[in-house]
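Engineer: My questions are about this predicted structure, shown below with the sequence.
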Amino acid sequence: AFNVVLMVLSPAFFQQMKLLLFFCLLCTVHSTIWPMPQSVTVGKTATTINSWSCDTTDSLLLAACDRYNTIMFKHGAPSGTGGITKLSFQISNPKHGSLPTMDMKEDYKLDVTSTTATISSSEVWGALRGLETFSQFVYFDFDTAAYSIYQTPISITDSPRFAFRGLLIDTSRHYQPVTSLMKLLDSMVYGKYNVLHWHIVDAQSFPLEIKAFPDMWKNAWSKQERYTQADIKRLVAYAGARGIRVIPEFDGPGHMGPAWGKNILPQGWDTIKGCENACPPRAGDPCDVPCDPTLNQTWAVVDAVLGEAASIFSDKYLHLGGDEVREACWSGSASIKAWMKAHNYTSLDKVYEYYVLEAHKVATKNGKFFINWEEVWTHFTTQLPKSTIIHIWINKAHLKNVVENGYYGILSQGWYLDHLKDSFENMYNNEPATGISTAAQKFILGGASCMWGETVDESDLMATVWPKAAAAAERLWSAKDVTDVKKAWPRYKNFRCRLLERGIGAGPANATSRTPPTGPSNCYDNPKVFVGPY
C-alpha cells in the first residue's frame, strides 16, 4: 500500500522529503560552518544556484571568485534559470593595497535569500572572509544535478575576535617546496587564518638566497632545496591575494650555527664545556649554538640577511626569535670574556641582551617592527622596548604578565601541531584570555598554531596540520563564549571532510594526528575514522 501511495505523490513531495532528510543529517547550520561566525540566523527554504557571476570590478575579488568557482562548482558550471544568479559585494572602503596588514578590517555581513546573495564589508579583506563562509553553504545535489543552498534566508554578521591568527611553518628542519607552501596557504584560507609565520632558516639549514653572501645557501640541505628571492616575492603575493600576511623568522642569537656560517660562532665553541654537544653536524634538536654577538662579522651577516629580508617580505613585522640561547657556549670564549670586561658586564645575560637590542635596531633601520619569543621577555621583561611583541610558547602564565605590563603578546603554547598526541579538545579549549583582566586583554594580538618540521615534510604536512589546526582557527576567530566541544565536534568532522573535498589531505580527526583510517568508512560520520568522545 505504501508503494502505491508513493506512485501518486508529486515530485515536489520527494524534494521536500529529501530536504527533510538533509536537515536531519545536518541538524542545524552549526554543523556546517567553521569557524563559527559571531552571529548566524538561518531559515528552512532551499534555493538553487543556476547561473553564476560576481558583481564586482575589484581585481582581487574577481580573482578570488574565480578560485571559489572551482571550489563550489566542481561538478560543472551551474546552469538553468531562477534561484541565485550572482554574488554582490558592497564595500565601504574599496581602496586597498595588494597586501594585507596588521590593522586590516575583516568584518563582513552575508545575506542570502532565495534569489539574492550579498556580502557587505568594511574592506576587501572582510569580503574574502565572507566569500569563504558563503562557499560553505553550497552543496551539489547529485539527484537533480543542481547546486543548492538549503537554509535560506541566511543572515550572518561576523568579524574576528583577534587580529593575529597565525600558522607557523618550519622549512629549516625539512624543506617544503614552493608548491607545498602555496597549498598550505590555500588551506589556511578555509580556516580564516591570516598570518603565515615562516620559520625559514635555522641552525640545520639556510635555504634562503642572500645576495650579499651568496655562499650562505650552500648550507641548505641540498642544491635543490632552496628558495630564490623571486620565490619569496611570488609566495608573498600569492598569500596577499588570499588575505594572508607572511612574517619570516630569523632566529637569534641561538639557532644560528652552523647553517648561518661558522665564522659568526664563538671561536672554539665545539670544545667549550657545556657547548660541545649543542649541535650535532647537520642534525640534532635543539641545535642552539648561539652566534658571537661581539664579532663585527656577525653583524655584517645579520645586517645583510635582515636588510634583504625586509626588501622581499613586505609585511611590517619580522620575527627575530630569541629562544633557547645556550649561554654556556659563550662562557669559555676568551674574546667574549674580554668584550664583557671592556663593557663592565658581569653576566652572560648582557651578551644575550646586546644581541636582542642590536637586532631590534637593524629591523628598525629597515622599517620593520619586531616579534621575539618568550625567553626574551623572561630574561629582560620591561627593559625591552614597548614596541616588542612577545610570542608565548612555554608558559601561558607569561602572557598575562606580558599584556598586563602593556606589551602586546601572541599565544602559541597549547597549539603545537607537532605534539601529535595533544587532543583536539585540549587545543579547542586553549583560551588566550584566561585570568587576564579585561583592560589588559586588548594587548592580546592573537595566537598561532606551530608546525615544527622535525618530523614533517611534504608527504605528511597536510595530515599533521589539519584538521587539528581548526581548533586554534576557531578559538582565535569566534566569540569567547563559543566553547562547547561537544557542539563543535560535528562541525569539526564536516570541516575535515570539506578539506578533503578541496584537495587538502587532512588526517582523520582522532586522538593522534597522521594515523590512517582503520577500515572502510564514509567521511562524515564513521567511528572507524572519527575516534572522538562524542
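Structural biologist: Sure, I can see it.

Engineer: Just the pLDDT at Q15, thanks.
Structural biologist: The model reports Q15 with a pLDDT of 51.

Engineer: ah, wrong one, I meant A509
Structural biologist: Looking at A509, its pLDDT stands at 80.

Engineer: again with the one 4 residues further on
Structural biologist: The predicted local distance difference test score for S513 is 76.

Engineer: which phi and psi does the nearest residue to it once chain neighbours are set aside have?
Structural biologist: Counting by Cβ to Cβ, 6 or more residues apart in numbering, the nearest residue to S513 once its immediate chain neighbours are dropped is L420, at 4.5 Å. C-beta here means a position set from N, CA and C on the backbone, and glycine is covered the same way. Per-residue torsions, L420: phi -60, psi -30 (degrees, to the nearest 10).

Engineer: What count of nearby residues applies to L420?
Structural biologist: For L420, the count of nearby residues is 15 (other Cβ atoms under 10 Å).

Engineer: Same question for A338.
Structural biologist: Counted with other Cβ under 10 Å, the neighbours of A338 add up to 11.

Engineer: A146 now?
Structural biologist: A146 has 19 neighbours, counted by other Cβ under 10 Å.

Engineer: Would you mind measuring from it to D270?
Structural biologist: Distance, A146 to D270, using Cβ to Cβ, to the nearest Å: 68 Å.

Engineer: Same check on T85?
Structural biologist: T85 is 69 Å from D270, by Cβ to Cβ.

Engineer: and the longest strand seen in the chain, which residues are buried?
Structural biologist: Ranked by number of residues, the top strand in the chain under DSSP state E is strand 146-158. Using 16 or more other Cβ atoms under 10 Å as the test for burial, strand 146-158 gives 146-152, 154, 156, 158.

Engineer: Show me what the very next helix or strand once past that strand is packed up against.
Structural biologist: Next in sequence after strand 146-158, counting helices and strands by DSSP states H and E, comes strand 164-170. Applying 3 or more Cβ pairs under 8 Å, 6 or more residues apart in numbering; DSSP states H and E, one finds that strand 164-170 contacts helix 178-190, strand 195-199, strand 444-451, helix 469-477.

Engineer: Any chance of CSV for those, columns mean neighbour count, distance to N277 and mean pLDDT?
Structural biologist: What follows is the helices and strands packed on strand 164-170, written out as CSV (neighbours: other Cβ atoms under 10 Å; distance: least, Cβ to Cβ, whole Å; pLDDT from 0 to 100):
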stretch, mean neighbour count, distance to N277, mean pLDDT
helix 178-190, 19, 33, 98
strand 195-199, 25, 23, 98
strand 444-451, 25, 26, 98
helix 469-477, 26, 34, 98
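
Engineer: Columns distance to S172 on top of the ones you listed, output as a markdown table?
Structural biologist: What follows is the helices and strands packed on strand 164-170, written out as a markdown table (distance: least, Cβ to Cβ, whole Å):
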| stretch | distance to S172 |
| --- | --- |
| helix 178-190 | 13 |
| strand 195-199 | 6 |
| strand 444-451 | 12 |
| helix 469-477 | 20 |
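
Engineer: and the gap between the residue nearest the centre of the chain and S449?
Structural biologist: Nearest to the geometric centre of the chain sits L167, at 2.5 Å (Cα atoms, centre = their mean). To S449, L167 is 5 Å away according to Cβ to Cβ.

Engineer: residues shared between the contacts of those two?
Structural biologist: Listed contacts common to L167 and S449 are 465, 469; contacts here mean Cβ atoms under 8 Å, 6 or more residues apart in numbering.

Engineer: just for this structure, where's the confidence low?
Structural biologist: 1-31, 278-287, 511-512, 525-534 (pLDDT under 70).

Engineer: ok, back up a step: summarise which helices and strands the longest strand of the chain is packed against.
Structural biologist: Packing contacts for strand 146-158, counted by 3+ Cβ pairs under 8 Å, 6+ apart, involve helix 11-26, strand 39-49, strand 108-112, helix 124-135, strand 139-141.

Engineer: And the fourth one, how far out from the chain middle?
Structural biologist: To tie it back to what came earlier, the one meant is helix 124-135. 17 Å (Cα atoms, centre = their mean, to the nearest Å).

Engineer: repeat for the second one
Structural biologist: Strand 39-49 has its C-alpha centroid displaced from the chain centroid by 30 Å (Cα atoms, centre = their mean).

Engineer: The shortest one now?
Structural biologist: In this view, strand 139-141 has its centroid 29 Å away from the chain centroid, taken as Cα atoms, centre = their mean.

Engineer: Mind listing the strands that strand pairs with, and their directions?
Structural biologist: When pairing is defined by DSSP bridges, strand 139-141 lines up against strand 146-158 (antiparallel).

Engineer: mind saving the C-alpha coords of the partner strand as PDB?
Structural biologist: Taking C-alpha atoms only, strand 146-158 is exported to PDB below (Å, rounded to 0.1, in the frame of the first residue of the first chain):
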ATOM      1  CA  ALA A 146      21.900  21.200  -9.200                       C
ATOM      2  CA  TYR A 147      23.800  23.400  -6.800                       C
ATOM      3  CA  SER A 148      21.700  24.100  -3.700                       C
ATOM      4  CA  ILE A 149      21.700  26.300  -0.600                       C
ATOM      5  CA  TYR A 150      19.300  24.600   1.900                       C
ATOM      6  CA  GLN A 151      18.800  27.100   4.700                       C
ATOM      7  CA  THR A 152      17.700  30.500   3.300                       C
ATOM      8  CA  PRO A 153      17.200  33.200   4.300                       C
ATOM      9  CA  ILE A 154      20.700  33.400   5.800                       C
ATOM     10  CA  SER A 155      21.900  36.400   7.800                       C
ATOM     11  CA  ILE A 156      25.500  36.400   9.200                       C
ATOM     12  CA  THR A 157      27.300  39.300  10.900                       C
ATOM     13  CA  ASP A 158      30.900  38.400  11.500                       C
END
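
Engineer: Can we start the residue count at 606 from this point?
Structural biologist: With 606 as the first residue, the last one maps to strand 751-763.

Engineer: quick one: contacts of that strand?
Structural biologist: 624, 627-628, 631, 634, 642-655, 677-678, 683, 685, 689, 712-719, 734-735, 738, 742-746.

Engineer: Can you flag the buried ones in the residues you listed?
Structural biologist: For the contacts of strand 751-763, a burial check counting by 16+ other Cβ under 10 Å picks out 624, 631, 634, 642-643, 645, 647-648, 651-654, 677, 683, 689, 712-718, 734-735, 738, 742-746.

Engineer: circling back: can you put the buried residues of strand 751-763 in JSON lines and add distance to F975?
Structural biologist: Below are those laid out as JSON lines (distance: Cβ to Cβ, whole Å):
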{"residue": "A751", "distance to F975": "53"}
{"residue": "Y752", "distance to F975": "47"}
{"residue": "S753", "distance to F975": "49"}
{"residue": "I754", "distance to F975": "45"}
{"residue": "Y755", "distance to F975": "48"}
{"residue": "Q756", "distance to F975": "46"}
{"residue": "T757", "distance to F975": "47"}
{"residue": "I759", "distance to F975": "42"}
{"residue": "I761", "distance to F975": "36"}
{"residue": "D763", "distance to F975": "31"}
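
Engineer: Going by distance to W803, which of these wins?
Structural biologist: Nearest to W803 out of the buried residues of strand 751-763 is D763 (Cβ to Cβ; 27.5 Å).

Engineer: The stretch 856-1005 of the chain: strands as residue ranges?
Structural biologist: Ranges of strands in the stretch 856-1005 of the chain, per DSSP state E, counting those that start in this stretch, are 922-924, 974-978, 994-997.

Engineer: Please consider this matter closed, and thank you.
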